[in-house]
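A.B. asks: have a look; sequence and predicted model below, questions after that.
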Amino acid sequence: MISGPPAEPEAVVEALERATTRLEELDPADATAAECVLAERASAIEQLKRWMESDRGRLDPDFIQRLQHIFDAGASVVLRVSIMRQGALSELTSLNRELTLLRALLAAPDPPAPELDCKG
């Protein structure tokens, strides 16, 4: 958790914007980078929250609109990544079913050879 006095709102919003932009440009398959960017974004959100709690004054509508835009962009990224993960999970489930079927076919004993019947 962040200690000390809250940062200036403009610096915090810029950090939040940078983290959100990096998140938008991130390869969803790069889990390590995603964790790093998400941690940066969470830190900026925590700083913003602390600033808002310490400064109980009225917020500028443009400032609020800017924050809304940043949070909407972040939500869009999360939705896109969730959809991609769901698609990958669905594909993995299908592949696992096919693999199970192939293993079962390989493990099945060979059917008995037909016996010749001299009667007919």
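C.D. replies: Received, thanks. Numbers count the residues shown, from 1 in each chain.

A.B. asks: residues in contact with the most centrally placed residue in the chain?
C.D. replies: Nearest to the geometric centre of the chain sits Val81, at 4.5 Å (CA atoms, centre = their mean). Contacts for Val81 (CB atoms under 8 Å, 6 or more residues apart in numbering) come out as Pro28, Ala34. The way it works is simple: take the backbone N, C-alpha and C, and place the C-beta from them, glycine included.

A.B. asks: any idea how far Ile45 is from it?
C.D. replies: Noted for Val81: a distance of 18 Å to Ile45, by CB to CB, to the nearest Å.

A.B. asks: one more: Glu8?
C.D. replies: Distance from Glu8 to Ile45, by CB to CB: 15 Å.

A.B. asks: neighbour count winner among those two?
C.D. replies: Neighbour count, other CB atoms under 10 Å: between Glu8 and Ile45, Ile45 has more, with 18 against 11.

A.B. asks: can you pull the buried residues of the helix or strand hosting that one?
C.D. replies: Ile45 is located in helix 31-54, with elements delineated by DSSP states H and E. For helix 31-54, burial by neighbour count (16 or more other CB atoms under 10 Å) applies to Ala34, Val37, Leu38, Glu40, Arg41, Ser43, Ala44, Ile45, Gln47, Leu48, Arg50, Trp51.

A.B. asks: and it, how far out from the chain's middle?
C.D. replies: Mean-position distance between helix 31-54 and its chain equals 15 Å (CA atoms, centre = their mean, to the nearest Å).

A.B. asks: and stretch 78-98, by the same measure?
C.D. replies: When distances are taken as CA atoms, centre = their mean, stretch 78-98 is centred 12 Å away from the chain's centroid.

A.B. asks: before we move on, the earlier item: so what's the predicted local confidence for the residue nearest to the centre of the chain?
C.D. replies: For Val81, the model assigns a pLDDT of 81.
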